[in-house]
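Engineer: can't give you the sequence, but here's the structure:
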């Protein structure tokens, strides 16, 4: 209805987080810049938290749209997963579905993939939206994946976004090693 009246070619107020319609406040610009800077520097973890509806997912989509070909990304949005399901979901996102229950096999496949990408000059980025729903074991798996590196560089960066509860999850005593 309003599209025709205003001469619009798409719906700017749709529910999907379309980066074309991001209103870049100073806070949004800083979040985009922080994520890009962290990925350029191959930081292990980036955490963005905030209230529902402030644009966290749109910020992620904006960053993903601007990443160059030197980045290989997997984005998870379903986060009520066990640690094994998390590994399976990551493999699926990287185009290698593997539904084995054997953790060692899943980890070996991911490690090999990460090292292959590094040899090809690419940096692996794992993006987890709604990360406040991750269990402590799933977060620990992500932390351990971030430890896969070569002698001279980190080869995996993990971006976590979520609601304010994410801060409490990350600050939990059992996750002290998480940056």
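Structural biologist: Yes, it's here. The shown structure was predicted, so the numbers you read here are calculated from the model rather than taken from an experiment. Numbering: from 1, shown residues only.
Engineer: which residues touch the residue nearest in space to the middle of the chain?
Structural biologist: Centroid check for the chain by C-alpha atoms, centre = their mean gives residue 127 as the closest residue, at 0.8 Å. The neighbours of residue 127, taking C-beta atoms under 8 Å, 6 or more residues apart in numbering as the test, are 60, 64, 73, 74, 75, 76, 158, 159, 161. (Each C-beta comes from the backbone N, C-alpha and C, glycine too.)
Engineer: which stretch of helix or strand covers the third one?
Structural biologist: It stands for residue 73. strand 71-76 (DSSP states H and E).
Engineer: now the angle from the helix or strand following that strand to strand 71-76?
Structural biologist: Going down the chain from strand 71-76, the next helix or strand is helix 83-93, by DSSP H and E. Angle, helix 83-93 to strand 71-76, by axes from the mean of the first three to the mean of the last three C-alpha atoms, to 10 degrees: 130 degrees.
Engineer: isn't residue 114 right next to residue 148, touching?
Structural biologist: Yes: Residue 114 is within contact range of residue 148, at 5.3 Å (criterion: C-beta atoms under 8 Å).
Engineer: which residues are contacting the lengthiest helix in the chain?
Structural biologist: Longest helix of the chain, by residue count under DSSP state H: helix 103-119. Contacts with helix 103-119, where a contact means C-beta under 8 Å, 6+ apart, come from 72, 83-84, 87-88, 90-91, 94, 96, 98, 100, 123-124, 145, 148, 150, 153, 155-156.
Engineer: and if we set it to 7 Å?
Structural biologist: For helix 103-119, contacts defined as C-beta atoms under 7 Å, 6 or more residues apart in numbering pick out 72, 84, 87-88, 90-91, 94, 96, 98, 100, 124, 145, 148, 150, 155-156.
Engineer: Now, of these, which are buried?
Structural biologist: 72, 84, 87, 88, 90, 91, 94, 124, 145, 148, 155, 156 (16 or more other C-beta atoms under 10 Å).
Engineer: Hmm, which of the residues you listed is lowest in pLDDT?
Structural biologist: Least confident of these in the model: residue 148, at 84.
Engineer: Could you measure from that residue over to residue 142?
Structural biologist: 11 Å (C-beta to C-beta, to the nearest Å).
Engineer: which secondary structure elements does the helix or strand containing residue 166 contact?
Structural biologist: For residue 166, the element it lies in under DSSP H and E is helix 165-170. If you count contacts as 3 or more C-beta pairs under 7 Å, 6 or more residues apart in numbering; DSSP states H and E, helix 165-170 packs onto strand 45-49.
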